[in-house]
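Colleague: sequence first, then the predicted structure, then my questions.
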Amino acid sequence: MREQLQIALKEAQKSQDKTRVCTLRLISAAVKDRDIAARGAGKDPVSDSEITEILSKMIKQRRESAAIYEEGGRLELAEQERNESKVIEEFLPEQLGEDGVKAACAKIVETTGAEGLRDMGKCMNALKQEYAGQMDFSKASSIVKGMLR
């Protein structure tokens, strides 16, 4: 994953795509920050799955920012946030469609033996481990909650 990011950054620099270069540098900085924090705690550098988590969090932040900018009438900034999201999404695994998310939720509810809303956390943790970066977990949360009622 790290190599993919570095290769993409070099290509973006060669093609002089400013938005892509800036976004890829932000990704690299976030990964390096997490590496430094892990090193300080005596842990190994971040794994690909942790990089996927970082990317998912970055996309969520950009979607929230775009919505806020739109509400404030700052359409150019909202568009910039969406463009950054598109660049980040290129490095995530393919996203599950709505049917795929429902099937994954049903599978997790069944395999964890969840019976009520008390088991919600257990189901969401299992989903996040198995499907990291492949779905919007806020939507999955409402689906799981509906299944556990």
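Modeller: Thanks, I have it.
Colleague: how is the chain carved up into domains?
Modeller: 2-89, 98-148 (automatic domain parsing).
Colleague: which positions in stretch 137-145 come out as buried?
Modeller: The neighbour-count check on stretch 137-145 (16 or more other C-beta atoms under 10 Å) flags 137, 140, 143-144 as buried. (C-beta placed from N, C-alpha, C; glycine too.)
Colleague: again, but for stretch 26-43
Modeller: Neighbour-count burial for stretch 26-43 flags 27, 30-31, 34-35 (criterion: 16+ other C-beta under 10 Å).
Colleague: okay, helices next: where are they in this structure?
Modeller: According to DSSP state H, the chain carries its helices in the segments 2-15, 18-40, 48-71, 75-89, 98-112, 120-130, 137-148.
Colleague: need those helices in CSV (columns: mean pLDDT).
Modeller: Shown next, in CSV, are the helices of the chain (pLDDT from 0 to 100):
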stretch, mean pLDDT
helix 2-15, 92
helix 18-40, 92
helix 48-71, 90
helix 75-89, 93
helix 98-112, 89
helix 120-130, 87
helix 137-148, 87
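Colleague: what's the closest non-adjacent residue to the residue nearest the centre of the chain?
Modeller: By C-alpha atoms, centre = their mean, the chain has its centre lying nearest to Ser56, at 1.0 Å. Nearest non-adjacent residue to Ser56, counting by C-beta to C-beta, 6 or more residues apart in numbering: Gly133, 5.0 Å away.
Colleague: tell me the contacts of that neighbour?
Modeller: By C-beta atoms under 8 Å, 6 or more residues apart in numbering, the residues touching Gly133 are 52-53, 55-56, 92-93.
Colleague: which one (most neighbours) among the residues you listed?
Modeller: Ranked by neighbour count (other C-beta atoms under 10 Å), the contacts of Gly133 have Leu55 at the top, with 23 neighbours.
Colleague: ok, that one - contacts?
Modeller: So Leu55 contacts 27, 88, 91-92, 133 (C-beta under 8 Å, 6+ apart).
Colleague: state the distance from Gly73 to Arg62.
Modeller: To Arg62, Gly73 is 18 Å away according to C-beta to C-beta, to the nearest Å.
Colleague: count the residues that sit near Leu127.
Modeller: Neighbours around Leu127, by other C-beta under 10 Å: 24.
Colleague: now it: closest residue in space, sequence neighbours ignored.
Modeller: Nearest to Leu127 is Ile108, by C-beta to C-beta, 6+ apart, at 5.2 Å.
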